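**Student:** just need the structure, nothing else, for what follows:
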Amino acid sequence: MVRIRILQSVAGLDFSWAPGDEVEVDDEAAGLWVDGVRAEVVEGAEKAAARSRGGGRGQRAETRSE
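**Tutor:** Numbers count the residues shown, from 1 in each chain. Next comes the predicted model:
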C-alpha cells in the first residue's frame, strides 16, 4: 500500500477525494494516480504511522507571531 496526497478533486461511484486528502491505495493504483498533477506520494508516511501507534503526543508545531 502506498499513501498518496490528492492534488485535484476526484470522485467515483464509491469514493470522493478533495485536494489535500491523504489516502492509501495499492501499488498499481498509485502508479496511475501519482503524476504530480492529480496526486503525489506522501513522504515519511511510514514514520508518521509508527509514531501514531506509539502513543503519546507528537512534537508541538512551531508557530511565529508577529
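
**Student:** which strands and helices lie in contact with the one helix or strand Glu28 maps to?
**Tutor:** Here Glu28, judged by DSSP states H and E, is contained in helix 27-33. Contacts defined by 3 or more Cβ pairs under 8 Å, 6 or more residues apart in numbering; DSSP states H and E place helix 27-33 against strand 2-6, strand 39-41. C-beta: built from backbone N, CA, C; applies to glycine.

**Student:** just tell me which of those ends up closest to Leu13.
**Tutor:** With Cβ to Cβ as the criterion, Leu13 lies closest to strand 2-6 of those, at 17.1 Å.

**Student:** which residues sit against the closest one?
**Tutor:** Applying Cβ atoms under 8 Å, 6 or more residues apart in numbering, the set of residues contacting strand 2-6 from outside is 17-27, 30, 33-34, 38-42, 45.

**Student:** just the buried residues of these.
**Tutor:** When the contacts of strand 2-6 are checked for burial by 16 or more other Cβ atoms under 10 Å, the buried set is Trp17, Val23, Val25, Ala30, Trp33, Val34, Ala39, Ala45.

**Student:** turn the residues you listed into a markdown table, including distance to Leu7.
**Tutor:** Listed next are those as a markdown table, based on distance: Cβ to Cβ, whole Å:
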| residue | distance to Leu7 |
| --- | --- |
| Trp17 | 10 |
| Val23 | 12 |
| Val25 | 14 |
| Ala30 | 13 |
| Trp33 | 9 |
| Val34 | 10 |
| Ala39 | 6 |
| Ala45 | 16 |
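
**Student:** farthest pair in those residues?
**Tutor:** Longest span within those, Cβ to Cβ: Trp17 and Ala45, 16.1 Å.

**Student:** on that earlier part again, which residues touch the helix holding Glu28?
**Tutor:** Outside helix 27-33, the residues that touch it by Cβ under 8 Å, 6+ apart are Met1, Val2, Ile4, Val25, Ala39, Val41.
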